[in-house]
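J.: Provide a 3D model corresponding to the input given below.
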Amino acid sequence: MSTDYSYYVYMLECQDGSYYTGITNDIERRMWEHHSGFNKECYTYERRPVELKYSEHFTDINSAIAREKQLKGWSRKKKQALFHEDWEEIKRLSISSSKK
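T.: Numbering: from 1, shown residues only. Have a look, this model is predicted:
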């Protein structure tokens, strides 16, 4: 019997313009938690409402964790290019940041 696992790396834009990147195994539940203020300790609690800007599905938790870490290290401009699926801009920003 095989079990399919689902993990999601996601990014939210908060009311204050900041971005939140997270990982979950249930994107609908997690979005409800962010919108409802379920956890008063969560980064997004005081920054609601939030808008889902990006999500990516994984079946391997280690790949999802690696992607979350990667995205957390990206610049604001690079994240915005991802939201717009501007692959050329992502490539350009990756090259320019590697030359620093």
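J.: contacts and neighbour counts: CA atoms only from here.
T.: Fine.
J.: distance from the chain centre to the helix or strand bottoming out on mean pLDDT in the chain, please.
T.: The helix or strand of the chain with the poorest confidence is helix 87-98; it has a mean of 87 (mean pLDDT, DSSP states H and E). Relative to the centre of its chain, helix 87-98 is centred 19 Å away, using CA atoms, centre = their mean, to the nearest Å.
J.: export it as PDB, just CAs?
T.: Provided in PDB are the C-alpha atoms of helix 87-98 (Å, rounded to 0.1, in the frame of the first residue of the first chain):
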ATOM      1  CA  TRP A  87      11.500  33.600 -15.100                       C
ATOM      2  CA  GLU A  88      13.800  35.900 -17.000                       C
ATOM      3  CA  GLU A  89      13.800  38.400 -14.100                       C
ATOM      4  CA  ILE A  90      14.400  35.600 -11.600                       C
ATOM      5  CA  LYS A  91      17.400  34.500 -13.700                       C
ATOM      6  CA  ARG A  92      18.700  38.100 -14.000                       C
ATOM      7  CA  LEU A  93      18.400  38.700 -10.200                       C
ATOM      8  CA  SER A  94      20.100  35.300  -9.500                       C
ATOM      9  CA  ILE A  95      23.100  36.200 -11.700                       C
ATOM     10  CA  SER A  96      23.400  39.700 -10.300                       C
ATOM     11  CA  SER A  97      23.300  38.500  -6.700                       C
ATOM     12  CA  SER A  98      25.900  35.800  -7.300                       C
END
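J.: what are the buried residues along it?
T.: 89, 90, 93 (16 or more other CA atoms under 10 Å).
J.: ok, now stretch 57-71?
T.: For stretch 57-71, by 16+ other CA under 10 Å, it's 57, 58, 61, 64, 65, 67, 68, 71.
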